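S.K.: below: sequence and its predicted model.
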Amino acid sequence: MPGKAISHYRIAQKHDGVDLGVVCVVESTRVDGHIRPTCLPDSLVANSHALERFRHEARDWLYTEVYG
């Protein structure tokens with residue numbers, strides 16, 4: 001996974017997973033900066049329960065960040 005490019009981001013490092021997801025350090029090729037998104041591993045994408053839980057946790061996190 002490290003070195004793989006997705007759109008204008010390049011995966012720099014892969015860290016151990018947290019709950020359902022895998023945390024990566026991602027570099028933007030357009031601006032000088034890093035982000036750390038959590039991604040659902042390919043092995044869980046077909047699992048509808050895991051996918052719904054992942055989406056639910058992402059919505060909860062976003063709500064907390066916006067309305068915190």
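M.R.: It's in.
S.K.: which residues in this protein form helices?
M.R.: 42-45, 48-67 (DSSP state H).
S.K.: ok, His34 - how many residues close by?
M.R.: 12 (other C-beta atoms under 10 Å). To be clear about C-beta, it is placed using only N, CA and C from the backbone, and glycine gets the same treatment.
S.K.: go on, Arg59?
M.R.: Neighbours of Arg59 under the rule other C-beta under 10 Å: 10.
S.K.: now do Val26
M.R.: Using other C-beta under 10 Å, the number of residues around Val26 comes to 19.
S.K.: how about the helices of the chain in TSV, adding mean pLDDT and distance to Ser7?
M.R.: TSV is the format used below for the helices of the chain (pLDDT from 0 to 100; distance: least, C-beta to C-beta, whole Å):
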stretch	mean pLDDT	distance to Ser7
helix 42-45	82	18
helix 48-67	84	18
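S.K.: nearest to Asp32, out of those helices?
M.R.: Asp32 lies closest, by C-beta to C-beta, to one member of the helices of the chain: helix 48-67, at 22.7 Å.
S.K.: helices and strands around that closest one, which ones?
M.R.: Under the contact definition 3 or more C-beta pairs under 8 Å, 6 or more residues apart in numbering; DSSP states H and E, helix 48-67 sits against helix 42-45.
S.K.: can you give me how far the helix it packs on is from the chain middle?
M.R.: Its chain's average C-alpha position is 13 Å from that of helix 42-45, according to C-alpha atoms, centre = their mean, to the nearest Å.
S.K.: just want the angle from the longest strand that the chain contains to helix 48-67.
M.R.: For the chain, the strand that runs over the most residues, judged by DSSP state E, is strand 9-18. Strand 9-18 and helix 48-67 are oriented at 110 degrees to each other (axes from the mean of the first three to the mean of the last three C-alpha atoms, to 10 degrees).
S.K.: centre of the chain to strand 9-18, how far?
M.R.: For strand 9-18 - counting by C-alpha atoms, centre = their mean - the centre lies 8 Å from the chain centre.
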